[in-house]
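Enquirer: Need the 3D shape of this:
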Amino acid sequence: MKGIIFTEFLELVEQQFGLETLDKVLDLSEDQGIYTSVGSYDHKSLVKLIVNLSKTTDIPADALQEVFGETVFISLLNTLPDNAGILDCTHCFDFVRHVEEYIHVEVKKLYPDANPPKFDFVSETETQLVFDYSSARCMGHVCIGLLKGCAKHFDQQIEIGSQSLNEQGSEVRFVVNLIE
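Expert: Residues are numbered from 1 along each chain as shown. You can find the predicted model right below:
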């Protein structure tokens, strides 16, 4: 997992909960908190940080993942190069398709060892997008947050339904409805 995810998470924890909470979470996680945005790290370290933040704040880990996903959307968007084609996207659904069809492909070219999530599109209308998310990292709630951040970016209102397709949570079906 790219280091920008870790650096953004640590920054969010410090901003939302304070340096004392961040230090406690790092101690509980036996993590020094030393990450670079361009480095690659084991996603299990992020999971451990999220679980320990949940224990420290009594906020469910799923809710923390969603907040993180929504918050990190703009930071990730800003890391995309100008030629990434995002200017062609005028709608949240366009962008989600673009992530799978272009951004994930480019990530794999730049970082052959990268393992980004996979989106399999099931159906799409003007007001509904149905897709299956697959990721060994089991971070479907981060994906929900990213979808919320995306909708906010495009000034759209959405409702997100999700259904885990397996016990591990590595496969999730999302139903995203535009609210007019």
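Enquirer: count of residues packed around the residue nearest to Ile179 when sequence neighbours are not counted?
Expert: Distances taken as C-beta to C-beta, 6 or more residues apart in numbering put Gln157 closest to Ile179, at 4.0 Å, once the chain neighbours are dropped. From N, CA and C alone the C-beta is placed, and that goes for glycine too. Number of residues near Gln157 (other C-beta atoms under 10 Å) recorded here: 11.
Enquirer: Next one: Gln157 from Asn166, what distance?
Expert: 30 Å (C-beta to C-beta, to the nearest Å).
Enquirer: Residue ranges of each domain in the chain, please.
Expert: 3-59, 83-179 (automatic domain parsing).
Enquirer: what about the ones you listed, which gets the closest to Ser75?
Expert: Closest approach to Ser75 among the domains of the chain (C-beta to C-beta): domain 3-59, 5.2 Å.
Enquirer: so after the lengthiest helix in the chain, what's the next helix or strand?
Expert: Secondary structure of the chain per DSSP state H: the longest helix is helix 61-79. Once helix 61-79 ends, the next helix or strand along the chain (criterion: DSSP states H and E) is helix 92-98.
Enquirer: For that next one, which helices and strands make contact with it?
Expert: strand 118-124, strand 128-134, helix 140-153, strand 171-179 (3 or more C-beta pairs under 8 Å, 6 or more residues apart in numbering; DSSP states H and E).
Enquirer: Centre of the chain to it, how far?
Expert: Relative to the chain's own centre, helix 92-98 is displaced by 14 Å; criterion: C-alpha atoms, centre = their mean, to the nearest Å.
Enquirer: hey, C-alpha coordinates of that helix in CSV?
Expert: Extracted in CSV, the C-alpha atoms of helix 92-98 (Å, rounded to 0.1, in the frame of the first residue of the first chain):
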residue,chain,number,x,y,z
CYS,A,92,-19.2,10.7,-9.9
PHE,A,93,-19.9,7.5,-11.9
ASP,A,94,-17.6,8.6,-14.7
PHE,A,95,-14.8,9.0,-12.1
VAL,A,96,-15.4,5.6,-10.5
ARG,A,97,-15.1,4.0,-14.0
HIS,A,98,-12.0,6.1,-14.7
